[in-house]
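Q: A predicted structure for the sequence below; I have some questions about it.
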Amino acid sequence: MLIVARLLFGLSDSFILTSVSVYTSEIATKNTRGASCTLVQIFSSLGIVLTLSAGPFLSYKVFNMMFAVIIVVTGIPILLLPESPYFLYNKGQEKDAINVLKFLHGSEQLAMQEIEEYTLSSKQEKVNKILILKNPTVRKSLVISVIFSIGCQMVGYNAVSYYLQTILISTHTSIMPEIASVIIGVIQFVSSFLTMFTTDRFGRKIILITSLIGMTIGLVRAW
């Protein structure tokens, strides 16, 4: 049952992360796009903190009921969200797209500027996916993205996160494993929250390098 649940969670989580990131990038302004996209990780970290705080003290049934309520409560406002203006424009609903942009940006001028960008983008020729892969720049960008994606999984973050309390028990730390795991979750949440304010100021590369250096130091000390 746990394996099936993990499979369903993995599939739904992939859809959610992809759709939320696309939706956020399409409704956010250029100046806030980077910071807005970090909200996915911030709330993911918050969920981890709640899990680590409540999980050790609740049964499976109560734990699942608690998160089912959270999902329902947080899911209801999604029904009231406007459709992506870029999606509406591509479907020929330009008037609806303008209304959504005016609601989001609070300015008709900014809305019309966005529509002009949509128009310029739609006038470009349809991209042949096979031909575009022959472009060295595209291939290089794709390879870098794939390497980063694989690296994010190969560092073992998910394994450590799922078995965090078991790992802490084996270390014989003086702090209760339940408390230590919550502290680690809070640190991750704070780090994710700070990224929202630093991603557009310092750039992505600096943040990535700093994070990798910190992870390397931690792993070396543990080893």
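A: Received it, and whenever you're ready, just let me know what you need. Remember, predicted model here, so these are calculated numbers, not experimental data.

Q: residues in contact with residue 163?
A: By CB atoms under 8 Å, 6 or more residues apart in numbering, residue 163 lies in contact with nothing. All C-beta spots, glycine's among them, are computed from the backbone N, C-alpha and C.

Q: which SSE is the nearest residue to residue 186 once chain neighbours are set aside in?
A: In space, and not counting its chain neighbours, residue 186 is closest to residue 49: 5.9 Å by CB to CB, 6 or more residues apart in numbering. Counting by DSSP states H and E, the element that carries residue 49 is helix 39-54.

Q: which one is residue 35 nearest to, not counting chain neighbours?
A: Closest to residue 35 by CB to CB, 6+ apart is residue 196, at 4.8 Å.

Q: test my guess that that neighbour contacts residue 42.
A: Yes: counting by CB atoms under 8 Å, residue 196 does reach residue 42; the two are 6.5 Å apart.

Q: quick one: mean pLDDT over the helix or strand where residue 169 lies.
A: Using DSSP H and E, residue 169 sits in helix 164-170. On average, the pLDDT along helix 164-170 is 78.

Q: I'd like the next helix or strand past that helix.
A: Following helix 164-170 toward the C-terminus (DSSP H and E): helix 177-202.

Q: please state the mean pLDDT value computed over that following helix.
A: Helix 177-202 comes out at a mean pLDDT of 79.

Q: that one: how far from the chain's middle?
A: 14 Å (CA atoms, centre = their mean, to the nearest Å).

Q: packing partners for it?
A: helix 33-37, helix 39-54, helix 164-170, helix 204-222 (3 or more CB pairs under 8 Å, 6 or more residues apart in numbering; DSSP states H and E).

Q: and it, which residues are buried?
A: Neighbour-count burial for helix 177-202, counted by 16 or more other CB atoms under 10 Å, picks out 177, 180-182, 184-186, 188-189, 192, 195-196, 198-199.
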